[in-house]
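Peer 1: Provided below for reference: sequence and predicted model.
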Amino acid sequence: MNYQTFPSRTKLDRTIEVEQFDEIIKAIADGKYSWACILTLRSAGYNPLDYVPYRTYNRQLKENEDDNPQNSV
């Protein structure tokens, strides 16, 4: 029996910075689970829109714009 192995699509070379991890923990502690999910996906190098509905993503950005230094100008 032959098995084909495919290269992993995970991004193992990417690590989450301490500041990003603290922000994720803070969101969880505040009960902002959708926001924590978005932050986790971003920190891991994924596009949250591939996993979270656009309306949810957009609402989370608006609700958390004060907590989101990435979107600050």
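Peer 2: Received it, and whenever you're ready, just let me know what you need.

Peer 1: could you list the low-pLDDT ranges of this protein?
Peer 2: 1-13, 67-73 (pLDDT under 70).

Peer 1: and residue 61, helix, strand or coil?
Peer 2: At residue 61 the chain is in helix, as set by DSSP: H, G, I helix; E, B strand; the rest coil.

Peer 1: same question but for residue 46, I mixed them up
Peer 2: coil.

Peer 1: what's the helix or strand for the residue nearest the centre of the chain?
Peer 2: When CA atoms, centre = their mean is applied to the chain, the residue found nearest the centroid is residue 41 (2.3 Å). Taking DSSP states H and E as the definition, one finds residue 41 inside helix 33-43.

Peer 1: that helix packs against which elements?
Peer 2: helix 18-29, helix 54-63 (3 or more CB pairs under 8 Å, 6 or more residues apart in numbering; DSSP states H and E). C-beta: built from backbone N, CA, C; applies to glycine.
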